[in-house]
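1. Give me a model of this one.
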Amino acid sequence: MIELQIPGRERLIIKNLVLDLNGTIALDGKTIEGVGDRLQALNRRLDILIVTADTRERAEQTVEDLRAEPEDGEKPFSIKLHKVEKGEEGLQKEKLVQGLGTLETISLGNGSNDALMLKESAVGICIIGREGASVEAIMNADLSIFDINDALDLLLMPERLVATMRR
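-> Numbers count the residues shown, from 1 in each chain. Model (predicted):
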């Protein structure tokens with residue numbers, strides 16, 4: 001759980017992290033360096049769900065590659081994978097966030113099919129990485145950031161996120 005008290009906004013208790021796969025945490029079918037370590041650290045505080053239409057058909061392998069053996073006493077690293085059907089991916093991602101609880105979920109994505117998910121989440125973060133980001137995703141996000149690792153660091157050090165989002 002991550003508690004966020006952002007001046008000018010309501011207090012948030014975040015329990016879920018939803019991540020788009022391709023273009024957000026992976027590039028050309030490979031996980032971006034540093035993402036796995038940060039997700040391991042976040043796994044101690046949040047339920048992590050990777051959502052994808054699995055365009056590259058590597059989603060299961062990517063999630064397996066992210067899992068690691070926990071150290072003694074640590075919570076097992078359990079990332080869940082949620083595949084959406086091709087066609088109307090945006091609506092499916094939006095419904096996923098609604099099912100998890102919009103006020104308890106932070107979402108990260110970069111594509112047009114992530115826009116509704118970003119808008120629906122308590123905090124939506126658009127990643128403008130090497131693949132770029134759609135204008136629709138940027139406009140529906142609460143903030144945009146260039147590097148996925150910097151975005152995940154905002155969650156590991158929430159005071160940074162509070163400083164950025166205060167009104």
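2. From now on I want contacts and neighbour counts done on CA atoms only, so please keep to that.
-> Fine.
3. and residue 33, what element?
-> In this structure, residue 33 is located outside every helix and strand according to DSSP states H and E.
4. Residue 21: neighbour count?
-> Applying other CA atoms under 10 Å, we find 27 residues neighbouring residue 21.
5. wait, what's in contact with residue 121?
-> By CA atoms under 8 Å, 6 or more residues apart in numbering, residue 121 lies in contact with 97, 102-107.
6. Now do residue 67 against residue 81, distance only.
-> 12 Å (CA to CA, to the nearest Å).
7. any common contacting residues for these two?
-> In the contact map built from CA under 8 Å, 6+ apart, no residue is linked to both residue 67 and residue 81.
8. If you count neighbours, what's buried in stretch 23-37?
-> In terms of neighbour count (16 or more other CA atoms under 10 Å), stretch 23-37 has its buried residues at 23-26, 29-32, 35-36.
9. Over to stretch 36-50?
-> Buried positions in stretch 36-50, judged by neighbour count with 16+ other CA under 10 Å: 36, 38-43, 45-50.
10. Please narrow the residues you listed to those residing in helices.
-> Under the assignment DSSP state H, these contribute 36, 38-43 to helices.
11. for those residues, which one is nearest residue 147?
-> Within these, distances to residue 147 taken as CA to CA reach their minimum at residue 38, with 12.8 Å.
12. possible to save the buried residues of stretch 36-50 as TSV with pLDDT and distance to residue 142?
-> As requested, the buried residues of stretch 36-50 are arranged in TSV below (pLDDT from 0 to 100; distance: CA to CA, whole Å):
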residue	pLDDT	distance to residue 142
36	90	24
38	93	21
39	93	21
40	90	24
41	91	23
42	93	20
43	91	23
45	91	21
46	94	20
47	94	21
48	95	20
49	95	20
50	95	20
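13. And residue 67 and residue 81? Which one has more around it.
-> Taking other CA under 10 Å, residue 67 and residue 81 do not tie; residue 81 has more neighbours (19 against 16).
14. where do the helices sit along this protein?
-> Counting by DSSP H, the helices of the chain are 35-43, 59-66, 89-100, 115-120, 135-140, 148-156, 158-165.
15. next one: the last one to chain centre, how far?
-> In other words, helix 158-165. The gap between the average C-alpha position of helix 158-165 and the chain average comes to 16 Å, counting by CA atoms, centre = their mean, to the nearest Å.
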